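A.B. asks: The following comprises the amino acid sequence and a computationally predicted model.
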Amino acid sequence: MHESLKGIVLAGGTGSRLYPLTKVTNKHLLPVGRYPMIYHPLMRLREAGIERVAVVTSPEHMGDVVNLLGSGRALGLDLTYRVQDKPGGIAQALGLCENFAGGKPFLVALGDNILEDNLVKEIEVFRNQKRGARILLKEVPDPERYGVPRFEGDRIVEITEKPNRPASKFAVTGLYFYDAQVFDFIRT
């Protein structure tokens, strides 16, 4: 039996496209269906057996996020929080979680994405690749609205956010698997 992966949910960002709704709250706390947006990735992680999760958000929204989620016990999770003092992107937010990851592989989910599928199969594929990273993609008709990968062979060599001329028809889904080596790349 494998040791359970840890999860990291990124809940920073200004939510400028959702203004004025985000004038009073973090976009990740806005309702999507019956639940706040951030519940959706958290529940997918829990369904996949991931119970230890770090949530990264901004100082101005940390209080509201903690007030909503608390320890995570009500959701079947054990939550830890990290503050991203200034918007610095995904890599900077991940760097705040190096100690949390503890040198082990982990899964990252963007807190404003609704994940359609159960993650158990993807977790097994990641475990079987032994090392490196895995980024889940989806073919879309309008890739210019998303983060778009550029491939060399079967490897992603670059991701461009909302490109005018997309390098492929694939969009990044906001779900990433990494081993601890990612922190070496973040530091360089």
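C.D. replies: That came through fine.
A.B. asks: Could you confirm G63 falls within a strand?
C.D. replies: No - checked against DSSP: H, G, I helix; E, B strand; the rest coil, G63 lies outside a strand; its state is helix.
A.B. asks: ok, now which ones touch it?
C.D. replies: By CB atoms under 8 Å, 6 or more residues apart in numbering, the contact list for G63 is empty. Yep, even glycine has a C-beta here, placed from its N, CA and C like the rest.
A.B. asks: Please apply the same query to Y176.
C.D. replies: By CB under 8 Å, 6+ apart, the residues touching Y176 are L107, V108, A109, A133, R134, I135, L136.
A.B. asks: what bridges to it?
C.D. replies: Residues in a beta bridge with Y176, per DSSP bridges, are V108, I135.
A.B. asks: Next one: it from D85, what distance?
C.D. replies: Counting by CB to CB, to the nearest Å, the gap from Y176 to D85 is 22 Å.
A.B. asks: what pLDDT does R155 get?
C.D. replies: As predicted, R155 sits at a pLDDT of 88.
A.B. asks: Please apply the same query to the one 5 residues further on.
C.D. replies: Reading off the per-residue confidence, T160 sits at a pLDDT of 92.
A.B. asks: Counting neighbours, what do you get for the residue nearest to Y146 when sequence neighbours are not counted?
C.D. replies: Nearest residue to Y146, sequence neighbours excluded (CB to CB, 6 or more residues apart in numbering): A171, at 3.5 Å. Neighbourhood size, A171 [other CB atoms under 10 Å]: 22.
A.B. asks: And the one 3 residues further on, by the same measure?
C.D. replies: Applying other CB under 10 Å, we find 21 residues neighbouring G174.
A.B. asks: Need phi/psi at it.
C.D. replies: Backbone torsions for G174, taken as degrees, to the nearest 10, come to phi 90, psi 20.
A.B. asks: Taking the contacts of Y176, please make a PyMOL selection of just the buried ones.
C.D. replies: PyMOL command restricting the contacts of Y176 to the buried ones, with burial defined by 16 or more other CB atoms under 10 Å:
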select buried, resi 107+108+109+133+134+135+136
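A.B. asks: what's the farthest-apart pair in the contacts of Y176?
C.D. replies: Using CB to CB, the two most remote members of those are A109 and A133, lying 14.3 Å apart.
A.B. asks: and the residue nearest to V148 when sequence neighbours are not counted, how many neighbours?
C.D. replies: Distances taken as CB to CB, 6+ apart place P166 nearest to V148, at 4.5 Å, with adjacent residues excluded. For P166, the number of neighbouring residues by other CB under 10 Å comes to 19.
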